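K.L.:
predicted structure and sequence below. I'll ask about it afterward.
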Amino acid sequence: MVRSTIPLATLTIGLALAGPADALTVTRSYFSHGTANCQAALPVYDGNIRKRPKAVANEGTSSAFVTCDFDSISNAGTGFSQINIFFINRSGVAKTVNCAFVNGIYNITHSPSLVKSVVLPTTSTNPTALGVSAGADNAGANFSAPAVSCELPAGVEIGAVSGNYPEFVGS
């Protein structure tokens, strides 16, 4: 019986020429209640802000500033490609929320704030998102250790924060 070595040789050469398989990156989502990531920006605003299990709410009669932070650890160093803050208006009157998104840690990377606004409809149970994306707002570069400061009108709450980030999962 004669055995052919051609199929083994063909397989060996084919594997050698094939090169590495394409790397696979997936988009992961970070999602959290506002209470985990947001707090009153100054003690003077603490009297207006109430942290409940499902939201950080301005229950006062005037606007209060709230700061929300996103851990750079959460995204394994790749940066966030999208950041969103979700607002609910319980006041019965349309409200405008103004926010300034900051990219990076001040002492390491200083970049300008991305200022955005959103008009919230009257009393609603459906959240309205305000966000930034790497493609539309940051010349395609992901956000590393982002944070956001928002002027929260009376009767408005932050129900959730979220971020999308790429993660290499192998080939």
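P.N.:
Nice, I can see it. Every value quoted in this text rests on a predicted model; they were computed, and no experiment measured them.
K.L.:
now do the helices in this protein.
P.N.:
6-18, 34-37, 134-137 (DSSP state H).
K.L.:
pLDDT value on Ser133, please?
P.N.:
Looking at Ser133, its pLDDT stands at 93.
K.L.:
correct me, but it touches Gln82?
P.N.:
Yes. Using CB atoms under 8 Å, Ser133 is in contact with Gln82, at 4.8 Å. Backbone N, C-alpha and C define where each C-beta goes, glycine included.
K.L.:
more crowded one of these two?
P.N.:
Higher neighbour count among Ser133 and Gln82: Gln82, with 20 against 16, using other CB atoms under 10 Å.
K.L.:
beta partners for the more buried one?
P.N.:
Judged by DSSP bridges, the bridge partners of Gln82 are Ser133, Asn164.
K.L.:
show me what contacts it?
P.N.:
When contacts are counted by CB atoms under 8 Å, 6 or more residues apart in numbering, Gln82 touches 131-134, 162-164.
K.L.:
any idea how far Gly155 is from the closest residue to Thr123 other than its chain neighbours?
P.N.:
Nearest residue to Thr123, sequence neighbours excluded (CB to CB, 6 or more residues apart in numbering): Gly92, at 4.9 Å. Computed as CB to CB, to the nearest Å, the Gly92 to Gly155 distance reads 7 Å.
K.L.:
of these two, who's got more company?
P.N.:
Neighbours of Gly92 and Gly155, each counted by other CB under 10 Å, are more numerous for Gly155; the result is 19 against 9.
K.L.:
skipping its backbone neighbours, what lies nearest the more buried one in space?
P.N.:
Among residues not flanking Gly155 along the chain, Ser91 sits closest, at 2.7 Å (CB to CB, 6+ apart).
K.L.:
what are the ranges of the strands in this structure?
P.N.:
Using DSSP state E, the strands found in the chain span residues 24-33, 38-40, 49-52, 55-58, 64-69, 82-89, 95-102, 114-120, 128-133, 147-152, 156-170.
K.L.:
list the buried residues in the last one.
P.N.:
This points to strand 156-170. Residues 156-166 are the ones in strand 156-170 that count as buried (16 or more other CB atoms under 10 Å).
K.L.:
not counting its own residues, what contacts stretch 40-59?
P.N.:
If you take CB under 8 Å, 6+ apart as the criterion, stretch 40-59 is touched by 33-35, 38-39, 60-62, 64-67, 88, 90, 149, 152-159.
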